[in-house]
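Enquirer: dropping a prediction and its sequence here:
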Amino acid sequence: MKNEKKDILRKRLNSVKAAMNKGQADGILITKDENKNYLSMFYSSAFYILITRDKDYLITDFRYKEAALELEYLYEIIITSADYSLFDFIKELNLKVIGLEFKTATIDFYAAVERNLPEADIISFDGIIENIRSVKDEIELEKIAKAEEIGDDAFSYILNEIKPGVTEKEIAFKLEMKMRELGAEKLSFDTICVSGIRTSMPHGHPGDKKIEKGDFVTMDFGCVYEGYCSDMTRTVAVGCVSEEQKRVYEIVLKAQTEVCRKLKAGMTGSQADAVARDIIAEEGFGDCFGHGLGHGVGLEIHEAPTANPKSSEVLKENMLVTIEPGIYIPQKFGVRIEDLSIITNSGIINLTKSKKELIII
């Protein structure tokens with residue numbers, strides 16, 4: 001595994017260097033946490049990566065020196081101190097054009113760059129690494145699959161905890177605790193757990209509402225395993241359902257299942273979205289599906305690619321995308337079903353194993 005990790009990190013770094021060499025920058029300073037972690041698998045609260053045309057550097061301080069030295073095969077390790085800063089080091093390299101991640105750099109940091117490196121031209125390097133990250137390697141796929149397995153197991157557990165009288169907050173808390181018990185480092189995002197009339201809110205927060213007989217309960221949740229996120233949604237019923245609830249659930253299930261059947265590399269995000277959207281619209285609920293079909297998942301819970309009506313991105317093998325159509329009827333109820341899938345040239349590998357057919361508890 002150690003040699004495999006080295007090979008994968010070299011490949012990732014080479015991909016970024018190739019992208020950099022196509023542009024104007026003499027060097028790129030990487031400050032975004034997810035991008036630094038992608039290029040180093042080094043977890044620290046204080047480090048930077050500087051990639052130049054000739055050499056690559058990992059810059060940190062004394063606290064992380066010993067751990068950083070394990071990456072000497074890939075980077076020259078630079079140790080800063082009170083008397084020798086990040087900018088002191090960069091000045092020594094005399095870089096004329098430096099790429100910076102504008103979208104995630106703070107105003108204070110950008111001001112410090114301009115103040116300390118007045119001779120350098122600072123240009124944007126936004127989105128380049130994120131685009132490379134959108135196609136996952138074997139290590140990433142394994143970690144995401146494990147994170148999604150934890151979610152599946154937590155869902156199986158929570159089915160026994162959902163009953164009339166239990167609040168949305170209590171369900172969300174138990175779901176989160178179970179994922180932690182199963183090995184999750186943290187949550188991918190704040191858990192969504194809504195019931196009854198509140199299921200018409202796609203991103204409603206868990207409240208004090210108690211579960212009642214006849215309610216739908218929608219749970220959208222995920223966890224982080226070794227830095228990588230999972231994401232899944234299931235809607236279940238408590239006690240019984242009306243004919244309208246059943247019909248809407250079956251429409252969403254049909255749309256979601258059809259995308260799972262047709263999705264493959266070569267489609268655009270908008271083409272994937274249209275598969276589900278057309279089915280829902282034909283059934284008269286087009287206005288009740290107001291969000292996109294899905295999004296990429298990895299080191300971040302929302303990353304490239306996207307699947308929505310305006311997405312022209314071409315889906316490639318080993319990209320991941322969620323498949324999460326929904327119908328939300330204001331002041332009545334809503335339904336969403338979400339799986340996490342790996343794109344292949346012939347279809348998808350569905351990482352979400354939990355039952356999708358309507359569950360009545």
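Expert: It's in. Residues are numbered from 1 along each chain as shown.

Enquirer: how deep is the closest residue to residue 119 other than its chain neighbours tucked in, by neighbour count?
Expert: Using C-beta to C-beta, 6 or more residues apart in numbering and skipping residues adjacent in sequence, the residue nearest residue 119 is residue 96, 7.7 Å away. Quick note: C-beta positions are derived from backbone N, CA and C, even for glycine. Here the number of neighbours of residue 96 (other C-beta atoms under 10 Å) works out to 12.

Enquirer: residue contacts, residue 96?
Expert: Shown in contact with residue 96 (C-beta atoms under 8 Å, 6 or more residues apart in numbering): 26, 119-121.

Enquirer: so can I have JSON lines of these showing secondary structure and pLDDT?
Expert: Converted to JSON lines, the contacts of residue 96 look like this (DSSP: H, G, I helix; E, B strand; the rest coil; pLDDT from 0 to 100):
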{"residue": "26", "secondary structure": "coil", "pLDDT": "95"}
{"residue": "119", "secondary structure": "coil", "pLDDT": "93"}
{"residue": "120", "secondary structure": "coil", "pLDDT": "96"}
{"residue": "121", "secondary structure": "strand", "pLDDT": "96"}
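
Enquirer: so where is the stretch 251-361 of the chain shaky, pLDDT-wise?
Expert: Of all residues in the stretch 251-361 of the chain, none has pLDDT under 70.

Enquirer: can you give me the helices in it?
Expert: 269-282 (DSSP state H, counting those that start in this stretch).

Enquirer: quick one: the strands in it?
Expert: Ranges of strands in the stretch 251-361 of the chain, per DSSP state E, counting those that start in this stretch, are 294-296, 303-307, 320-323, 326-329, 333-336, 339-343, 348-350.

Enquirer: quick one: contacts for residue 262?
Expert: 272, 275.

Enquirer: one more time with 10 Å
Expert: Contact analysis of residue 262 by C-beta atoms under 10 Å, 6 or more residues apart in numbering lists 271-272, 275-276, 347-348.

Enquirer: any idea of the pLDDT on the residue nearest to residue 119?
Expert: Per-residue pLDDT puts residue 96 at 96.

Enquirer: where does it fall, phi/psi-wise?
Expert: The phi and psi values for residue 96, taken as degrees, to the nearest 10, are phi -90, psi -40.

Enquirer: that one and residue 121: what is the separation?
Expert: 7 Å (C-beta to C-beta, to the nearest Å).

Enquirer: kindly report the same for residue 207.
Expert: From residue 207 to residue 121 the distance is 51 Å (C-beta to C-beta).

Enquirer: so who does the closest residue to residue 150 other than its chain neighbours touch?
Expert: Distance criterion C-beta to C-beta, 6+ apart; nearest residue to residue 150, sequence neighbours excluded, is residue 182 at 4.6 Å. Contact partners of residue 182, counting by C-beta under 10 Å, 6+ apart, are 146, 149-154, 157, 223, 225.

Enquirer: now residue 74
Expert: Per C-beta under 10 Å, 6+ apart, neighbours of residue 74: 6, 9-10, 12-13, 39-40, 42, 49, 56, 58.

Enquirer: how about the residues you listed in a markdown table, adding neighbour count, distance to residue 171 and pLDDT?
Expert: A markdown table is the format used below for these (neighbours: other C-beta atoms under 10 Å; distance: C-beta to C-beta, whole Å; pLDDT from 0 to 100):
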| residue | neighbour count | distance to residue 171 | pLDDT |
| --- | --- | --- | --- |
| 6 | 14 | 43 | 92 |
| 9 | 20 | 40 | 96 |
| 10 | 12 | 45 | 96 |
| 12 | 19 | 39 | 96 |
| 13 | 18 | 43 | 96 |
| 39 | 24 | 38 | 97 |
| 40 | 21 | 38 | 96 |
| 42 | 19 | 37 | 93 |
| 49 | 26 | 41 | 98 |
| 56 | 19 | 47 | 97 |
| 58 | 25 | 43 | 98 |
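
Enquirer: how about those residues, which pair is most distant?
Expert: Pairwise distances across these peak at 16.2 Å for 6 and 49 (criterion: C-beta to C-beta).

Enquirer: which of the contacts of residue 74 fall within strands?
Expert: Residues of the contacts of residue 74 located in strands (DSSP state E): 49, 56, 58.

Enquirer: quick one: the first one from residue 155, how far?
Expert: What it means is residue 49. Using C-beta to C-beta, residue 49 is found at 37 Å from residue 155.

Enquirer: again with residue 12
Expert: Using C-beta to C-beta, we find residue 12 at a distance of 32 Å from residue 155.

Enquirer: which stretches of the stretch 1-150 of the chain aren't confidently modelled?
Expert: 1.

Enquirer: strands along that one, start to end?
Expert: Counting by DSSP E, counting those that start in this stretch, one finds strands in the stretch 1-150 of the chain at the ranges 27-30, 47-52, 56-61, 76-80, 97-100, 121-124.

Enquirer: quick one on the thing from earlier: and which of the contacts of residue 74 is nearest residue 230?
Expert: So of the contacts of residue 74, ranked by how close each gets to residue 230 (C-beta to C-beta), first place is residue 12, at 21.5 Å.
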